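> With the sequence up front, the predicted model follows.
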Amino acid sequence: MIKLSRRDFVAAAAAGLAAPMLMSVPARAATAAKVVVIGGGFGGASIARYLRRNAPDLSVTLVERDKQFTTCPFSNGVIGGLWSIADVTFTYDGIAAAGVTVVHDTATTIDADRKTVALAGGTVLDYDYLVVSPGIQFVWDSIEGYSAEAADIMPHAWQAGPQTTLLRNQLEAMDDGGLVVIGVPAVPFRCPPGPYERATLIANYLTQAKPKSKIMILDANESFAKQPLFEEAWKNLYPGMVEWIPGSQSGIVMSVDTATMTVSTSFDDYQPAVANIIPAQRAGKIAIDAGLDAGQGFCSINPATFESTVHKGIYVLGDATIAGAMPKSGFSANNQAKACGAAILADIAGTEFTPAKLINVCYSFAKADYAFEVVDVFEVAGDTINLVFDDNRFTPVGASDEVHQTEAKYAHSWYENITAEMFG
């Protein structure tokens with residue numbers, strides 16, 4: 001195992017660990033190639049910018065349905081009232097200004113044999129390299145009674161945007177003394193620490209505005225990411241407000257009834273004032289429709305290049321992938337995009353591609369000036385991606401207020417830097 005302090009890790013990342021070495025791409029080769037990217041989130045936006053930055057003559061088209069992107073990272077802060085939805089919402093103007101052709105439409109069909117992508121508006125795009133970064137879709141029937149319509153009453157808020165605002169409004173409208181239930185699906189799902197950060201920031205809001213209220217986390221899992229750090233925050237900052245119930249203790253949400261505002265587990269029924277129900281997930285629709293998941297729900301990839309194991313010339317990034325030890329996070333998708341982009345450029349140039357180590361940094365907030373982190377380094381080993389960074393990965397339990405305040409500053413700096421890199 002690699003033995004690094006977090007300070008050493010940050011220094012290594014700053015020195016270029018996050019971005020693979022690139023060979024020059026001849027202008028003639030770049031001009032002849034066409035890259036189409038489906039999905040404008042952390043994976044898709046990052047690779048579109050990365051390719052144009054490193055090969056200015058390359059034709060890159062980004063297909064994204066929406067004209068604005070609201071980030072899931074930092075959206076829990078909107079729900080907790082720390083900042084506004086506008087603070088986590090971006091346009092694609094900077095990407096277009098970087099020379100990427102941005103098409104606001106929905107990709108409906110991938111023809112891997114003809115190397116084309118059909119769009120809902122009728123356009124057909126041809127490609128030499130296709131990058132699919134569609135995020136997630138929900139498995140609605142994983143919970144009896146839950147659906148897209150039910151989510152208008154019991155929001156998931158797991159795709160940031162209107163659902164984020166809806167959940168925030170429900171918290172503001174509920175009476176003091178109300179129960180907030182958060183239903184967490186079994187792993188894998190997007191952003192493993194996310195539900196617990198959400199509970200913590202809701203607790204921060206309720207402590208100030210509605211201190212008689214309570215939060216109950218109904219969790220299909222037996223443990224969760226950063227558990228000792230979250231439990232420390234709950235005990236010290238919000239004593240008695242947050243209760244976590246694991247799956248073995250009737251924590252699995254089995255059904256919901258929006259008419260009666262009932263959330264049911266194997267043995268218990270709850271009638272919360274606010275129900276945040278997060279259903280099971282799988283790769284985004286276009287990836288499933290194209291068979292890139294091979295019936296698994298998520299997509300297998302070559303761990304060095306992120307090329308699909310199903311179709312050559314198609315690459316898959318981010319939450320849609322089966323990426324070994326790498327979590328489904330915004331930072332992971334951004335880092336995967338750089339590795340994938342380097343592999344594509346090497347292929348265009350006809351040069352050998354050497355895989356780089358991959359990284360992930362994940363910050364969680366407990367209040368505005370209190371955060372903690374986990375930092376990871378990964379490397380390709382055979383047909384998977386393994387964790388190799390094993391020393392001081394987490395903010396220590398029992399850290400001082402000053403440490404947590406510094407982590408909060410680091411978190412804001414990370415967010416500002418990564419969104420500026422993506423969106424300009």
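Arrived safely, thanks for sending. Just so it is clear, the structure is predicted and the values come from calculations on it, not from any experiment. Numbering: from 1, shown residues only.
> Could you report the pLDDT at I418?
For I418, the model assigns a pLDDT of 98.
> wait, I meant A290
Model confidence at A290 (pLDDT) stands at 98.
> just A356 next, same as before
Predicted confidence (pLDDT) for A356: 87.
> Show which residues not belonging to stretch 132-139 make contact with it.
37-39, 41-44, 47, 110, 148, 156, 158-159, 189-190, 279-288, 290, 292, 297, 299, 308, 314-320, 328, 333, 337 (CB atoms under 8 Å, 6 or more residues apart in numbering). Backbone N, C-alpha and C define where each C-beta goes, glycine included.
> and P195, which of the three is it?
helix (DSSP: H, G, I helix; E, B strand; the rest coil).
> same check, this time on the one 10 residues further on
At Y205 the chain is in helix, as set by three-state DSSP.
> List the contacts of I215.
Taking CB under 8 Å, 6+ apart as the test, what I215 contacts is L179, V180, V181, I182, A199, I202, A203, L206, M241, V242, E243.
> Hmm, I typed the wrong one, I wanted D175.
Counting by CB under 8 Å, 6+ apart, D175 has contacts K210, A273.
> Which helix or strand contains it?
Assessed by DSSP states H and E, D175 sits outside every helix and strand.
> pLDDT value on it, please?
D175 is given a pLDDT of 98.
> what residue is smack in the middle of the protein?
In the chain, the centroid-proximal residue (CA atoms, centre = their mean) is S329; its distance is 3.6 Å.
> That one and V139, how far apart?
Noted for S329: a distance of 20 Å to V139, by CB to CB, to the nearest Å.
> now do I95
For I95, the distance to V139 - CB to CB - is 31 Å.
> For these two, indicate the residue with more neighbours.
Comparing I95 with V139 by other CB atoms under 10 Å, the one with more neighbours is I95, at 26 against 14.
> Which stretches in the stretch 301-424 of the chain count as strands?
Ranges of strands in the stretch 301-424 of the chain, per DSSP state E, counting those that start in this stretch, are 314-316, 321-322, 358-367, 370-381, 384-387.
> Residue ranges of each domain in this structure, please.
What automatic domain parsing lists as the domains of the chain is 6-65+105-137+281-423, 140-277.
> between those domains, which one is nearest to C72?
domain 140-277 (4.7 Å; CB to CB).
> can you give me the offset of that closest one from its chain's centre?
18 Å (CA atoms, centre = their mean, to the nearest Å).
> re the thing from before, take the strands of the stretch 301-424 of the chain and write them to a markdown table, including distance to E402.
Listed next are the strands of the stretch 301-424 of the chain as a markdown table, based on distance: least, CB to CB, whole Å:
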| stretch | distance to E402 |
| --- | --- |
| strand 314-316 | 42 |
| strand 321-322 | 38 |
| strand 358-367 | 15 |
| strand 370-381 | 11 |
| strand 384-387 | 29 |
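> Could you identify which of the ones you listed is most buried?
Neighbour counts (mean count of other CB atoms under 10 Å) averaged over each of those peak at strand 314-316, with a mean of 30.
> Ramachandran angles for F353?
Main-chain dihedrals, F353, degrees, to the nearest 10: phi -100, psi 130.
> Quick check, it in contact with A342.
Yes: here F353 reaches A342: they are 6.6 Å apart, a contact under CB atoms under 8 Å.
> Settle it for me: which of those two has more neighbours?
Taking other CB under 10 Å, F353 and A342 do not tie; A342 has more neighbours (23 against 19).
> pretty sure that one is touching T351, no?
No: using CB under 8 Å, A342 makes no contact with T351, being 10.4 Å away.
> ok, back up a step: of the domains of the chain, which approaches G99 most closely?
domain 6-65+105-137+281-423 (4.9 Å).
> a helix runs through T108, doesn't it?
No: the assignment for T108 (three-state DSSP) gives strand, which keeps it out of a helix.
> What about it, how many residues nearby?
14.
> For it, give me its contacts.
With CB under 8 Å, 6+ apart, T108 has these contacts: A118, L119, A120, I286, D289.
> so can I have CSV of those residues showing neighbour count and secondary structure?
Putting the contacts of T108 into CSV (neighbours: other CB atoms under 10 Å; DSSP: H, G, I helix; E, B strand; the rest coil) gives the following:
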residue, neighbour count, secondary structure
A118, 16, strand
L119, 18, strand
A120, 11, coil
I286, 22, helix
D289, 15, helix
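> Farthest-apart pair in those, please.
L119 and D289 (13.5 Å).
> Report the contact partners of V274.
Taking CB under 8 Å, 6+ apart, one finds L167, Q170, L171, M174, G178, L179, V180, V181 in contact with V274.
> per-residue confidence averaged over stretch 181-191?
On average, stretch 181-191 scores 98.
> For that stretch, could you pull out the residues that count as buried?
V181, I182, G183, V184, P185, P188, F189, R190, C191 (16 or more other CB atoms under 10 Å).
> any idea which of the residues you listed is closest to D57?
So of the buried residues of stretch 181-191, ranked by how close each gets to D57 (CB to CB), first place is R190, at 34.9 Å.
> Would you check that the closest one makes contact with S75?
No: counting by CB under 8 Å, R190 stays clear of S75, with 11.4 Å between them.
> Give me the nearest residue to N76, chain neighbours excluded.
Excluding the flanking residues, the one nearest N76 by CB to CB, 6 or more residues apart in numbering is R198, at 4.6 Å.
> isn't there a helix covering that neighbour?
Yes: the assignment for R198 by three-state DSSP puts it in a helix.
> ok now do it, which residues does it touch?
Per CB under 8 Å, 6+ apart, neighbours of R198: N76, I79, G80, A157, I182, N276.
> For it, give me the pLDDT.
Value for R198, per-residue pLDDT: 99.
> For it, give its distance to I79.
6 Å.
> Identify the contacts common to those two.
With CB under 8 Å, 6+ apart, R198 and I79 have common neighbours A157.
> and the contacts of V274, which two are the farthest apart?
Going by CB to CB, the pair spanning those furthest: L167 and L179, at 14.6 Å.
> counting contacts, what elements does the longest helix anywhere in the chain pack onto?
Counting residues, the longest helix in the chain under DSSP state H turns out to be helix 401-423. Packing contacts for helix 401-423, counted by 3 or more CB pairs under 8 Å, 6 or more residues apart in numbering; DSSP states H and E, involve helix 42-54, strand 89-91, helix 93-97, helix 330-349, strand 358-367, strand 370-381.
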